[in-house]
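# quick one: sequence and predicted model below, then my questions.
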Amino acid sequence: MKITLKDGSVREYASDMTVYDIAKDISEGLARNTLAAEVDGELVDIRKVIDKDCTLNLLTFDSEGGKHAFWHSASHLMAQAIKRIWPEAQLTIGPAVDNGFYYDIDLDHTITPEDLEKIEKEMKKIVKEGYPIEYYTKSREEALKWAEEEGEGYKTELINNLPEDAVISFYGQGEWADLCAGPHIRNVSQIKAFKLLSLAGAYWHGDANNKMLQRVYGVAFPKKSELDEYLNRLEEAKKRDHRKLGKELDLFSMHEEGPGFPFFHPKGMIIRNELENFWRQEHAKNGYQEIKTPIMLNSDLWHRSGHWDNYKENMYFTEIDGQEYAVKPMNCPGGMLVYKTRQHSYRELPLRMGELGQVHRHELHGALHGLMRVRTFTQDDAHIFLTMEQVKDEVIGIIDLANAFYDVFGFKYKVELSTKPEKAIGSDEDWEVATEALREALEAKGMDYQLNPGDGAFYGPKIDFHLEDSIGRTWQCGTIQLDMQMPERFELTYVGSDGEKHQPVILHRTIFGSIERFMGILIEHFAGKFPLWLAPVQVQLIPVSDSHLAYAQEIEAALKAAGVRVNVDARDEKIGYRIREAQLQKIPYMLVIGDKEMESKRLSIRNRDTGEQETLTIDEFKYRLNKKIAEKSREL
């Protein structure tokens, strides 16, 4: 059989070789580091037997699939330790997640933070015992007998819910085994470094009518140095938490009177308005026209758009004049109605309509998280009406626009291409055409991208932008979605060059994603130290005494006239206290005004980021401020 590796090289092997055997044939080092593999794009176990020609991608810990297998095995390691300490514990599920793993446990004993150390100690003992992780299968009858003998009632339920023809697989290590589909690494001894991080409650199947289980979260790495780096990053993330900084910097607040509905304070509104102004300027330059659509529309519209059947559980409803209405969870149906108000010509296409539209979506109370997960937010939406022949060039244009936006904030990003989900509208043929059109644009642009099967929007495939922040975390923000369904449902047309009516396609896209979430990301990305153009207060003036106040106010007026956001702190507090306050508020420039400044008519300016001081005239300072604000510079 012929095996095509990721680098394009081809190797020939006898049939029935495992992934591990192939990795070992290439090199011993590669075999040691290979944790899982992708065979023709499908994530598989390292024990997988290859018996046909295929494309093989060997996955180490620096890949998503490799991390998944490693963290999944770490969750089993933790579960084995818990069963050793509390044999009466019942196990439910223990998956790998984005940043580690968890296991949900049914146990009468309440696991405490102190217990986590006890569990870690037992995990270290198991690692030293060095058990190989073994894969095997059982018949349904054997699997049910195993669950009964082990007292694992939740596993009995899981087995009974499997399809009749399912292969019932197990992974075992030492005296312990678990019902599991995998994939897993070869040996527990590979899990060199781990930390149990936190505890939470979780209902079985996420249903509040079921029993509350205990969820234990953890993370693991092949090397201790990688764990130390991760834990340091966690500590840094705590300092940068946008909820904490949002309160300290007086940007926004959340209230029990409206869970998930953020309140923006004056300083927060400055940042928000600057982001929206930037959005409007750049979109106007790129040929977008701005529209505004209502926040509530009747149920007939949501039936027509497909949201009623595919998104109803996330929507809010009310009744007006005896008719049911929905608060919009998305802006797109309103955009369709705007397009339909008149007949369009092929000469107008692509027609780009942008909207900063407020939407509402139902989120479970427990999922709410500051500005990152809210129940109302403003999407920087655009709906682009065009022909299929125009899609490739238009998508390239959107990618260029997104790249220009993200570069302003210093974000690098990764790209995913998501395909048809289980719950979708439209034919397979339409989906194939739409997916291929997005793929062609990405490849024409020469972009690396990862395939994300089954995660498209219900009406079309999509490209997602995952931004990497200053401490290495990723956030999904921008998206480009190709839709061939809504034009048909809304009977949208344009008049072609032949004088006949034709149906356009639509690109739905965002750059920020949502203003609220993007603000939360920015707060954490910059740790509250916003670049000058975004800073709510750009200059803080601190008069030494009352005799210096009039001169400070004179400087304030000159800076305000130049469009600078400036504040005079004339409180009856010691000078050292007011300087520390300005530092805590992370104001870009601080000017102490005393006798020397009044006499010389020169300003002593302290730079927030470097801590350095320099002396400039007021005109020199205004020029510098305006230049950096206009350039949207990230450096002071």
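Perfect, thanks for sending it. Residues are numbered from 1 along each chain as shown.

# hang on, Leu492 packs against Lys340?
Yes. In this structure, Leu492 is within contact of Lys340 by Cβ atoms under 8 Å, at 6.5 Å. C-beta: built from backbone N, CA, C; applies to glycine.

# for these two, indicate the residue with more neighbours.
The neighbour count for Leu492 versus Lys340, taken as other Cβ atoms under 10 Å, is higher for Leu492 (19 against 13).

# which stretches in the stretch 1-150 of the chain count as helices?
Secondary structure of the stretch 1-150 of the chain (DSSP state H, counting those that start in this stretch): helices at 19-26, 28-33, 64-85, 113-129, 140-150.

# quick one: closest of those helices to Ser305.
With Cβ to Cβ, the closest approach to Ser305 among the helices of the stretch 1-150 of the chain belongs to helix 64-85: 33.0 Å.

# just the CA atoms of that closest one, as PDB, please.
This file holds the C-alpha atoms of helix 64-85, laid out as PDB (Å, rounded to 0.1, in the frame of the first residue of the first chain):
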ATOM      1  CA  GLU A  64      -4.900  19.900  17.900                       C
ATOM      2  CA  GLY A  65      -5.400  16.200  17.300                       C
ATOM      3  CA  GLY A  66      -2.200  15.300  19.300                       C
ATOM      4  CA  LYS A  67      -3.300  17.400  22.200                       C
ATOM      5  CA  HIS A  68      -6.800  15.800  22.100                       C
ATOM      6  CA  ALA A  69      -5.400  12.300  22.400                       C
ATOM      7  CA  PHE A  70      -2.900  13.400  25.100                       C
ATOM      8  CA  TRP A  71      -5.500  15.200  27.200                       C
ATOM      9  CA  HIS A  72      -8.100  12.400  26.700                       C
ATOM     10  CA  SER A  73      -5.500  10.000  28.100                       C
ATOM     11  CA  ALA A  74      -4.800  12.400  31.000                       C
ATOM     12  CA  SER A  75      -8.600  12.400  31.900                       C
ATOM     13  CA  HIS A  76      -8.400   8.600  32.100                       C
ATOM     14  CA  LEU A  77      -5.300   8.800  34.300                       C
ATOM     15  CA  MET A  78      -7.200  11.100  36.700                       C
ATOM     16  CA  ALA A  79     -10.300   8.900  36.700                       C
ATOM     17  CA  GLN A  80      -8.200   5.900  37.600                       C
ATOM     18  CA  ALA A  81      -6.700   7.800  40.500                       C
ATOM     19  CA  ILE A  82     -10.200   8.800  41.700                       C
ATOM     20  CA  LYS A  83     -11.400   5.200  41.500                       C
ATOM     21  CA  ARG A  84      -8.400   4.100  43.600                       C
ATOM     22  CA  ILE A  85      -9.100   6.700  46.300                       C
END
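
# buried ones in that helix?
65-84 (16 or more other Cβ atoms under 10 Å).

# now that helix and helix 113-129, what's the angle there?
Put simply, helix 64-85 runs at 110 degrees to helix 113-129, going by axes from the mean of the first three to the mean of the last three Cα atoms, to 10 degrees.

# pLDDT averaged over helix 64-85 - what is it?
The average pLDDT for helix 64-85 rounds to 96.

# same question, stretch 228-238
91.

# repeat for stretch 138-148
93.

# and the helix or strand encompassing Ala202, how far from the chain's centre?
Following DSSP states H and E, one finds Ala202 within strand 193-203. Distance of strand 193-203 from the chain centroid (Cα atoms, centre = their mean, to the nearest Å) equals 21 Å.

# how far out from the middle of the chain is the helix or strand following that strand?
Downstream of strand 193-203, the first helix or strand assigned by DSSP H and E is strand 212-221. In this view, strand 212-221 has its centroid 21 Å away from the chain centroid, taken as Cα atoms, centre = their mean.

# and the angle from the following helix or strand past strand 212-221 to strand 212-221?
On the C-terminal side of strand 212-221, the nearest following helix or strand under DSSP H and E is helix 224-240. Inter-element angle recorded for helix 224-240 and strand 212-221: 120 degrees (by the same axes, to 10 degrees).

# tell me the buried residues in helix 224-240?
Buried, per 16+ other Cβ under 10 Å, within helix 224-240: Leu227, Tyr230, Arg240.

# what residues does the last one make contact with?
The neighbours of Arg240, taking Cβ atoms under 8 Å, 6 or more residues apart in numbering as the test, are Ile471, Ile523, Glu524, His525, Ala527, Gly528.

# residues near the residue nearest to the second one when sequence neighbours are not counted, how many?
By that I understand Ile523. Using Cβ to Cβ, 6 or more residues apart in numbering and skipping residues adjacent in sequence, the residue nearest Ile523 is His242, 3.9 Å away. Neighbour count for His242, taken as other Cβ under 10 Å: 24.

# same check on Ser545?
Count around Ser545 with other Cβ under 10 Å applied: 11.
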